[in-house]
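**Student:** need a 3D model of the sequence below.
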Amino acid sequence: MYTLTRTLILAILIALITAQSAIAHEHVDMTSPRADQPLVQIALLLDTSNSMDGLIDQAKSQLWRIVNEVSRAQRDGRHPRLEVALYEYGNNRLQSHRQWIRNVLAFSTDLDAVSEALFSLSTSGGEEYCGAVIDRSLTELQWSPRRDALKMIYIAGNEPFTQGPTPYKKALHAAIKEDVIVNTIFCGNFEDGRRGAWMKAARIADGSYAVINQDRKIAHISAPQDDEIARLSVQLNGTYLGFGHGGAKRKARQHSQDKAAASVAQGAPVARAVAKASAIYKQSEWDLVDAMEEGSVGLANLAPASLPEPMRAMNTKERKEFVAKSAKKRKKLQAKILKLNEAREKHVAKKKGVNSKADKTLDEALIEALQKAGKSRGFSFE
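**Tutor:** I've put the predicted structure just below:
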């Protein structure tokens, strides 16, 4: 009886260790970039008080244009890893003891999660404390210690920068110490922003000052390539193989954010499709193709139940062939989308022309500041 009990306990311990090993392989930490890969960290600090509906709408509809600009960036022939964080401030639905500030999303490489976070925002009246939200983003987020990283805060709003209990200059000097550039985006006219210290704040923290019309509606210029890009984007989703805990859920989120983009602006689905075809859109935390390409997971170590349904009955060789086939198909689809987009951009450029007098929108302000700061850190945008 004693021997049987010991044997049973030993068997249970072995089973638990095996299970824990399988779980560990399904939750591999893939948050650290390779040392030789350029890094871009962007924290978006958005005013979600009553008058900022237009700002939030622009953020939702223009996210993928901004991502595509980052995807063009290169340093020493390498594309950067992009990490995005999101804060909202100035909303009276938030907690007063936290100064009406909420960290919506910590730094993430999952751009679908960024999109989902933006679509979760809604506006309501409140107190807008710029110094406080900058200070919170500096102390709460995991900013990289790398001196060659491009680290930026974008703060957008329409109230004086000087409001709140945290001295804005103190927060900005803390940003300088951490080598974080602070770009300010005032929703209103140039002089009001200057008087409200938005220009001064940008200058203190080595950033750019921009003024935007948050309520400006951008006219969409359709192109002959749009329908084909949309069709290929749907096919591209089919090459993603969700694995591990939450893999199926995050694959579903990819589809839901396609629908979200289509709900806000005519041009957003095309911009999102192009972003999905770029080097910046990586889903190695839940997609087998990206994870195996990155070398962060091995098929032999994954339990069948953690794999996509079609792969569960396969042996290891068949699984590898299945993933390789999906990877090959993805590369072909991405190449087609990018080629179509080149033709599309030429078509749109001819139709659009240049209107230098038009008020800036959020994406234009962000891209302008990104290019300026990026070039100062050795990035090219070609």
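**Student:** only C-alpha atoms for contact and neighbour calcs from this point on.
**Tutor:** Will do.
**Student:** in stretch 366-379, which residues are buried?
**Tutor:** 366-367, 369-371, 373-374, 379 (16 or more other CA atoms under 10 Å).
**Student:** quick one: mean pLDDT for that stretch?
**Tutor:** For stretch 366-379, mean pLDDT is 93.
**Student:** can you list contacts of it?
**Tutor:** Under the criterion CA atoms under 8 Å, 6 or more residues apart in numbering, residues 66, 69, 73-75, 148-150, 154, 181, 183, 207-208, 380-381 lie in contact with stretch 366-379.
**Student:** buried ones only from those residues, please, as a PyMOL command.
**Tutor:** Written as a PyMOL command, the selection of buried residues from these, which uses 16+ other CA under 10 Å, is:
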select buried, resi 66+69+73+74+75+149+150+154+181+183+207+208+380
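**Student:** could you pull out the helices for the stretch 51-200 of the chain?
**Tutor:** Per DSSP state H, counting those that start in this stretch, the stretch 51-200 of the chain carries helices over the ranges 53-72, 111-119, 130-140, 168-177, 190-195, 198-204.
**Student:** filter the contacts of stretch 366-379 down to the ones in strands?
**Tutor:** With DSSP state E as the criterion, strands contain 73-74, 150, 154, 181, 183, 380-381 from among the contacts of stretch 366-379.
**Student:** enumerate every residue touching Ile337.
**Tutor:** Contacts of Ile337 by CA under 8 Å, 6+ apart are 229, 232-233, 273-274, 277.
**Student:** make a ChimeraX selection of the buried ones in these.
**Tutor:** To isolate the buried members of these in ChimeraX, using 16+ other CA under 10 Å:
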select :229,232,233,273,274,277
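**Student:** now Phe322: how far from Thr239?
**Tutor:** Taking CA to CA, to the nearest Å as the measure, Phe322 and Thr239 are separated by 10 Å.
**Student:** where does pLDDT dip in this structure?
**Tutor:** Along the chain, segments meeting pLDDT under 70 span 1-34, 353-358.
**Student:** show me how the record splits it into domains.
**Tutor:** For the chain, automatic domain parsing gives the domain ranges 39-216+359-381, 226-352.
**Student:** deepest-packed of those domains, please.
**Tutor:** domain 39-216+359-381 (a mean of 20; mean count of other CA atoms under 10 Å).
**Student:** wouldn't Phe161 be in contact with Trp198 here?
**Tutor:** Yes. The pair Phe161 / Trp198 is scored as a contact, 5.8 Å apart, by CA atoms under 8 Å.
**Student:** quick check, central residue of the protein?
**Tutor:** Central residue of the chain (CA atoms, centre = their mean): Leu111, 3.7 Å from the mean position.
**Student:** can you tell me how far the nearest residue to that residue once chain neighbours are set aside is from Glu294?
**Tutor:** Nearest residue to Leu111 in three dimensions, chain neighbours excluded: Tyr281, at 7.0 Å (CA to CA, 6 or more residues apart in numbering). The spacing between Tyr281 and Glu294, counted by CA to CA, is 13 Å.
**Student:** so Ala210, which of the three states?
**Tutor:** Put simply, Ala210 is strand when judged by DSSP: H, G, I helix; E, B strand; the rest coil.
**Student:** need the contact list for Thr239.
**Tutor:** 326-327, 329-330.
**Student:** which ones among those are found in helices?
**Tutor:** Among the contacts of Thr239, the residues falling in helices (DSSP state H) are 326-327, 329-330.
**Student:** what's the closest of the contacts of Thr239 to Asn91?
**Tutor:** Among the contacts of Thr239, Arg330 lies closest to Asn91 (CA to CA), at 41.5 Å.
**Student:** just to revisit the earlier point, in TSV: the helices of the stretch 51-200 of the chain, plus distance to Arg98.
**Tutor:** Below are these laid out as TSV (distance: least, CA to CA, whole Å):
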stretch	distance to Arg98
helix 53-72	21
helix 111-119	20
helix 130-140	9
helix 168-177	16
helix 190-195	25
helix 198-204	22
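**Student:** select, out of the ones you listed, the one closest to Leu94.
**Tutor:** helix 130-140 (12.8 Å).
**Student:** what about the closest one, distance to the chain center?
**Tutor:** 19 Å (CA atoms, centre = their mean, to the nearest Å).
**Student:** for that helix, enumerate the helices and strands it packs against.
**Tutor:** strand 39-47, strand 81-89, helix 168-177 (3 or more CA pairs under 8 Å, 6 or more residues apart in numbering; DSSP states H and E).
**Student:** so can I have CSV of these showing distance to Ala117?
**Tutor:** Shown next, in CSV, are those (distance: least, CA to CA, whole Å):
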stretch, distance to Ala117
strand 39-47, 11
strand 81-89, 8
helix 168-177, 24
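**Student:** quick one: closest of the ones you listed to Asn189.
**Tutor:** Nearest of those (CA to CA): strand 39-47, 16.5 Å.
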